[in-house]
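Peer 1: Dropping a prediction and its sequence here:
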Amino acid sequence: MLERRYSLRKTLSLLRDVESPAESKFWFGSPCRFVRRIDILVHIVLPELLEVRAPRLAVHLRKTSPRWGRSWRSW
């Protein structure tokens, strides 16, 4: 399970262990579902960079990842 308290380095090292099959809530999927590197950039690295300036956006990006979003969702 991924957590916000981990450093970016620790999070990136854990990704392979906690990765689940990509799921999309839309029938057409999302680009992140098909390209793992885009998913890492948009839903792991970018939220880490935005955490201080835009915390709500960072939380939203984390929760909407098709691979790792379930780690940060409450359901």
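Peer 2: Ah, there it is.
Peer 1: Okay, residue 6 and residue 34: tell me how far apart.
Peer 2: Separation of residue 6 from residue 34 (C-beta to C-beta, to the nearest Å): 26 Å. No exception for glycine: its C-beta is placed from N, CA and C like everyone else's.
Peer 1: Leaving aside the residues adjacent along the chain, what's closest to the residue nearest the centre of the chain?
Peer 2: Nearest to the centroid of the C-alpha atoms of the chain, with distances taken as C-alpha atoms, centre = their mean, sits residue 43, at 3.5 Å. Leaving aside its chain neighbours, residue 43 sits nearest to residue 65 (3.5 Å; criterion: C-beta to C-beta, 6 or more residues apart in numbering).
Peer 1: mean confidence score for the helix or strand hosting residue 32?
Peer 2: Using DSSP states H and E, residue 32 sits in helix 31-34. In this model, helix 31-34 has an average pLDDT of 70.
Peer 1: Check what contacts the helix or strand following that helix and list those residues.
Peer 2: Sequence order places helix 36-40 as the next helix or strand after helix 31-34, per DSSP H and E. By C-beta atoms under 8 Å, 6 or more residues apart in numbering, the surrounding residues in contact with helix 36-40 are 12, 15, 22, 31, 32, 33, 65, 66, 67, 68.
Peer 1: doesn't residue 44 make contact with the first one?
Peer 2: By that I understand residue 12. Yes: here residue 12 reaches residue 44: they are 7.0 Å apart, a contact under C-beta atoms under 8 Å.
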